[in-house]
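In: no sequence for this one, just the structure:
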């Protein structure tokens with residue numbers, strides 16, 4: 001999708017353009033985004049406040065409507081929580097997860113991540129499973145000592161990124177990362193602003209920038225996907241090691 005650099009309220013943005021190279025305008029407003037990252041939020045700005053810049057057009061990965069992202073956050077998934085789901089919710093969550101994974105390109109690197117914590121805060125751990133296109137599978141767990149579940153979920157993303165680096169995965173490879181944490185998905189894919197864990201978040205975002213086609217997806221936990229269950233087991237191994245070290 002083509003986007004052209006512009007300036008809005010003193011900040012550089014990108015404006016969506018059509019096939020003729022003109023900005024897309026609907027109802028006196030045009031789609032703008034502040035980031036070129038896949039899944040970044042797309043806002044609607046008044047035409048009069050946008051100044052186009054004489055810079056090259058850039059093709060960008062699909063973004064997410066800021067309005068839709070806000071609505072999705074307020075609605076929830078509708079799948080309930082692991083352990084308390086109804087049979088209908090569990091079946092719907094399993095179908096949705098399977099369809100998501102099946103939609104990935106056959107050459108994509110698919111990463112499954114999970115975090116765990118006993119107490120929150122308490123002994124914490126992270127786990128990651130990485131499936132490479134050739135069939136090779138990498139995995140790792142991490143004992144975090146005392147921490148929160150959110151830290152465990154974030155660190156699991158970092159583990160997956162470390163495995164990508166160690167496997168020398170190309171920076172332009174398709175990377176699909178799965179998490180069952182809406183907190184992590186919101187922060188790293190939807191552009192939510194986090195007040196806590198800023199150092200961890202910034203470090204992960206820095207790693208993510210090494211891959212131009214990286215996406216993070218939310219997936220319901222414990223829906224029968226083997227690699228997802230394995231990531232959970234690895235995260236709990238990290239919890240056990242954290243307990244043993246006390």
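Out: Perfect, thanks for sending it. Since we're looking at a predicted model, the values are computed, not measured. Residues are numbered from 1 along each chain as shown.
In: the residue most central in space within the chain bridge partners, please.
Out: With distances taken as C-alpha atoms, centre = their mean, the chain has residue 216 as the residue nearest its mean C-alpha position (2.4 Å). Residue 216 forms beta bridges with residue 177, as assigned by DSSP bridges.
In: residue contacts, it?
Out: Residues in contact with residue 216 (C-beta atoms under 8 Å, 6 or more residues apart in numbering) are 39, 157, 177-179, 184-185, 188-189. For every residue, glycine as well, the C-beta is placed using N, CA and C.
In: mind checking which of these land in helices?
Out: Using DSSP state H, the members of the contacts of residue 216 that fall within helices are 157, 184-185, 188.
In: top of the residues you listed by number of neighbours, please.
Out: With neighbours taken as other C-beta atoms under 10 Å, the top of the ones in helices among the contacts of residue 216 is residue 157, carrying 28 neighbours.
In: for residue 114, see how far away it is.
Out: In this structure, residue 157 and residue 114 are 10 Å apart, going by C-beta to C-beta, to the nearest Å.
In: okay, and the common contacts of those two?
Out: Counting by C-beta under 8 Å, 6+ apart, the common neighbours of residue 157 and residue 114 are 128, 179.
In: give me the number of residues near the nearest residue to residue 212 once chain neighbours are set aside?
Out: Using C-beta to C-beta, 6 or more residues apart in numbering and skipping residues adjacent in sequence, the residue nearest residue 212 is residue 172, 5.4 Å away. The burial count assigned to residue 172 is 9, neighbours taken as other C-beta under 10 Å.
In: residue 65 too?
Out: Close neighbours of residue 65, defined as other C-beta under 10 Å, add up to 14.
In: which residues does it bridge with?
Out: When bridges are called by DSSP bridges, residue 65 pairs up with residue 42.
In: now do stretch 50-61, average pLDDT.
Out: The predicted model assigns stretch 50-61 a mean pLDDT of 90.
In: check stretch 99-116 too.
Out: 94.
In: which SS state does the most far-flung residue of the chain relative to its centre fall under?
Out: For the chain, the C-alpha lying farthest from the average C-alpha position belongs to residue 48; by C-alpha atoms, centre = their mean, that distance is 33.3 Å. With DSSP: H, G, I helix; E, B strand; the rest coil as the basis, residue 48 sits in helix.
In: would you mind measuring from it to residue 18?
Out: Counting by C-beta to C-beta, the gap between residue 48 and residue 18 amounts to 19 Å.
In: what of residue 152?
Out: From residue 152 across to residue 18, the span is 44 Å (C-beta to C-beta).
In: which of the two has more neighbours?
Out: residue 152 (28 against 10).
In: quick one: residues contacting the more buried one.
Out: When contacts are taken as C-beta under 8 Å, 6+ apart, residue 152 is in contact with 114-117, 124-126, 144, 235, 238.
In: low-confidence bits of this structure, can you list those?
Out: Residue ranges of the chain with pLDDT under 70: 67-77.
In: mind giving me the domain ranges of it?
Out: With domains defined by automatic domain parsing, the chain comprises 2-68, 77-244.
In: one step back: SS state for the residue nearest to residue 212?
Out: coil.
In: test my guess that it contacts residue 214.
Out: No: taking C-beta atoms under 8 Å as the contact criterion, residue 172 and residue 214 are not neighbours in contact, 10.2 Å apart.
In: neighbours of the residue nearest to residue 214 when sequence neighbours are not counted, how many?
Out: The shortest distance from residue 214 to any non-neighbouring residue, by C-beta to C-beta, 6+ apart, is to residue 175 (4.1 Å). Residue 175 sits with 26 neighbouring residues when counted by other C-beta under 10 Å.
In: which other helices and strands does whichever strand or helix holds residue 175 contact?
Out: Secondary-structure element containing residue 175, defined by DSSP states H and E: strand 174-179. On a contact count with 3 or more C-beta pairs under 8 Å, 6 or more residues apart in numbering; DSSP states H and E, strand 174-179 meets strand 109-117, helix 149-166, strand 213-218.
In: I am finished for the moment; much appreciated.
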